[in-house]
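*Asks:* Sequence first, predicted model second:
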Amino acid sequence: MNPVQLALRVLRVDSRSRLSAVLTAAGVAVATALILFLATLPDATDARMERASWQRGAVDPSGAIAVASQDFFQNERIIRLDVSGDRAPASSAPRFPRPGEVLLSPRLAELTEKYPREELANRFSGQVVGVLDETSLKFPEQLVALVGNLPGTVDAAVAEDSGWVAAGTDDFLLKFLAGVGIVLLAIPSLVLVASAARLTAARRERRLAALRLAGATPGQVVGTVTAETTIAAVAGTVVGLVLSWPLRYLGAQIPWGGGTWLPSDFTPSLPTLVAVAVVIPLLVVLAAVLSLRRVVQAPVGAAMSQSRKAPKAWRLLALPAAAGFFAFGLYAADETGGLTFLLAALAAGLLSASVVGPWLTGALGKLFATGWRRPATLLAGRRLCSDPKAAYRSVSGIVLAVFVGSMALTLLPSFETFAGGGARCRPNARERFSVLWHPKSLTARWRPSRRQLTSRSASSTS
């Protein structure tokens, strides 16, 4: 009987193994759906920028000219392009209107009909001949107006200088939050999935130890657990991929940077889809295999449920190591602008809690056992000392929830600031990561400096 057949028979016979597999699959499904959604946020931001790339002042090789400017109506920004000439539509860019014609975005067209003409509609001289498609807008609620002008009335030099006025910038903050969200979801999900698998840990250890004592090789034992966990992980991954499709439509209703999204913005690329579908089950299986060390090395002790060794004090070194790694990640991010080391340091900080937690649980158990005054305190201390790792697993979810909640509260001001409008200018690396040292700076908008404005004007004319 191969490992897959044995795993299927165990799941068919043992109700607690089935419950553990169902909980594992549910955890993997939720983690897969949410992580895949967060992984598409950078691509969604790029899709927005690509759709709005035509909303800038420029001189087309065909002779068409567009002068970009911005206006405001009830605290909402209006992107206005005064155009002349004929330019064929390309990708998301619409065809220029003729002289005396006006194209408005759907939201702007509604506002011109709702309010008196002298308040809004008279700003765009000409006849409204149509509305822009949503695929030509940064977000569906964006206010954009294309005003056709006679040839020769639009200055090409002004068009070049206005190139940066309406052009948007890369939303660095959203990409950073997406990376943080993936780390804060992936690590706790793996820990909670491992906790769900521990519901049948004692029974599975005795079963696997019996196989080892009966002559099964360590490879056969590992293969059995790998097959049992793979069935639940693959099933959960498939369900998570299916759930990610309707999740796109829910995510499209979340406002960010001035408006909502298009559902197509959250369509994952093929490499992202394959990476999520392969990495998550592999991590779940790896976590299950690593828990077999005791069964493989000491099957007799596992079968007799002997007490485990107390965690060593060297685990405390994980805290300064994680802090040092995080400081290095901040330094690397400040110098290079990359997020790889910073996100890896955040993951190391999460994992350090799982390394130090069992030792702290054992130390707390010893304190209860030595300083008890009531029998209940002595029993509690003895139970904590007998298996600190199992005792910590029962509260590991609360520890991770507190950590994730504190991170969310720290970054919450950024949501309040950027939900109604994106950053006005792309910050440099030091400005980007100053929010990590001073959380209150997240509420401040990044504004362009004189040097940035000069460099943008120079780049637009070059």
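*Replies:* Yep, it's here. Just so we're clear, the structure is a prediction, and the values are computed from it rather than from any experiment. Residues are numbered from 1 along each chain as shown.

*Asks:* give the contact list for residue 81.
*Replies:* 55, 57, 66, 67, 68, 69, 144, 145, 146, 147, 166 (C-beta atoms under 8 Å, 6 or more residues apart in numbering). From N, CA and C alone the C-beta is placed, and that goes for glycine too.

*Asks:* Restricted to buried residues, select the residues you listed in ChimeraX.
*Replies:* Command for ChimeraX, covering only those of the contacts of residue 81 found buried under the criterion 16 or more other C-beta atoms under 10 Å:
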select :55,57,66,67,68,144,145,146,147,166
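
*Asks:* Which of the contacts of residue 81 fall within strands?
*Replies:* Members of those lying in strands (criterion: DSSP state E): 66, 67, 68, 69, 144, 145, 146, 147.

*Asks:* Closest to residue 400 out of these?
*Replies:* Nearest to residue 400, judged by C-beta to C-beta, of the ones in strands among the contacts of residue 81 is residue 144 at 44.0 Å.

*Asks:* List the residues that contact the closest residue to that closest one other than its chain neighbours.
*Replies:* Excluding its sequence neighbours, the residue lying closest to residue 144 (C-beta to C-beta, 6 or more residues apart in numbering) is residue 105, at 4.3 Å. Residues in contact with residue 105 (C-beta under 8 Å, 6+ apart) are 131, 132, 137, 142, 143, 144, 145.

*Asks:* Let me have the residues you listed in JSON lines, extended by distance to residue 29 and pLDDT.
*Replies:* Converted to JSON lines, the contacts of residue 105 look like this (distance: C-beta to C-beta, whole Å; pLDDT from 0 to 100):
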{"residue": "131", "distance to residue 29": "40", "pLDDT": "94"}
{"residue": "132", "distance to residue 29": "39", "pLDDT": "93"}
{"residue": "137", "distance to residue 29": "34", "pLDDT": "92"}
{"residue": "142", "distance to residue 29": "35", "pLDDT": "92"}
{"residue": "143", "distance to residue 29": "40", "pLDDT": "94"}
{"residue": "144", "distance to residue 29": "40", "pLDDT": "94"}
{"residue": "145", "distance to residue 29": "45", "pLDDT": "94"}
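
*Asks:* one step back: need the ones in strands among the contacts of residue 81 in a markdown table (columns: distance to residue 20).
*Replies:* Converted to a markdown table, the ones in strands among the contacts of residue 81 look like this (distance: C-beta to C-beta, whole Å):
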| residue | distance to residue 20 |
| --- | --- |
| 66 | 62 |
| 67 | 65 |
| 68 | 59 |
| 69 | 62 |
| 144 | 54 |
| 145 | 60 |
| 146 | 60 |
| 147 | 65 |
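
*Asks:* Now do the buried residues in the strand or helix carrying residue 287.
*Replies:* For residue 287, the host element (DSSP states H and E) is helix 270-290. By neighbour count on 16+ other C-beta under 10 Å, the buried set for helix 270-290 is 272, 273, 276, 277, 280, 281, 283, 284, 285, 287, 288, 289.

*Asks:* Make JSON lines from those and add pLDDT to it.
*Replies:* Shown next, in JSON lines, are the buried residues of helix 270-290 (pLDDT from 0 to 100):
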{"residue": "272", "pLDDT": "92"}
{"residue": "273", "pLDDT": "93"}
{"residue": "276", "pLDDT": "91"}
{"residue": "277", "pLDDT": "92"}
{"residue": "280", "pLDDT": "88"}
{"residue": "281", "pLDDT": "89"}
{"residue": "283", "pLDDT": "84"}
{"residue": "284", "pLDDT": "83"}
{"residue": "285", "pLDDT": "83"}
{"residue": "287", "pLDDT": "75"}
{"residue": "288", "pLDDT": "74"}
{"residue": "289", "pLDDT": "74"}
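
*Asks:* Looking at these, which is nearest residue 158?
*Replies:* residue 272 (41.5 Å).

*Asks:* Tell me how many other residues crowd the nearest residue to the closest one once chain neighbours are set aside.
*Replies:* Spatial nearest neighbour of residue 272, excluding adjacent residues (C-beta to C-beta, 6+ apart): residue 39 at 5.2 Å. Neighbours of residue 39 under the rule other C-beta atoms under 10 Å: 21.

*Asks:* Poorly predicted segments of the stretch 301-450 of the chain, please.
*Replies:* Filtered on pLDDT under 70, the stretch 301-450 of the chain yields the residue ranges 301-308, 408, 411-450.

*Asks:* ok and the longest helix along the chain relative to helix 270-290, angle-wise?
*Replies:* Longest helix in the chain by number of residues (criterion: DSSP state H): helix 218-251. With axes from the mean of the first three to the mean of the last three C-alpha atoms, to 10 degrees as the basis, helix 218-251 and helix 270-290 are set at 140 degrees to each other.

*Asks:* Would you check that the residue nearest to residue 272 makes contact with residue 178?
*Replies:* Yes. With contact defined as C-beta atoms under 8 Å, residue 39 counts as touching residue 178 (7.3 Å).

*Asks:* For the closest residue to residue 87 other than its chain neighbours, what are phi and psi?
*Replies:* Excluding its sequence neighbours, the residue lying closest to residue 87 (C-beta to C-beta, 6+ apart) is residue 64, at 3.8 Å. Per-residue torsions, residue 64: phi -70, psi 140 (degrees, to the nearest 10).

*Asks:* so what's residue 64 up against?
*Replies:* With C-beta under 8 Å, 6+ apart, residue 64 has these contacts: 83, 84, 85, 86, 87, 96.

*Asks:* coming back round to it: Throw the buried residues of helix 270-290 into CSV and include distance to residue 10, thanks.
*Replies:* Below are those laid out as CSV (distance: C-beta to C-beta, whole Å):
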residue, distance to residue 10
272, 34
273, 31
276, 28
277, 25
280, 23
281, 19
283, 22
284, 17
285, 16
287, 19
288, 14
289, 16
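
*Asks:* Nearest to residue 315 among those?
*Replies:* residue 287 (18.2 Å).

*Asks:* re earlier: buried subset of the contacts of residue 64?
*Replies:* Buried among the contacts of residue 64 (16+ other C-beta under 10 Å): 83, 84, 85, 87, 96.

*Asks:* how far out from the middle of the chain is the helix or strand harbouring residue 354?
*Replies:* Following DSSP H and E, one finds residue 354 within helix 340-370. Chain-centre distance of helix 340-370: 24 Å, with C-alpha atoms, centre = their mean, to the nearest Å.
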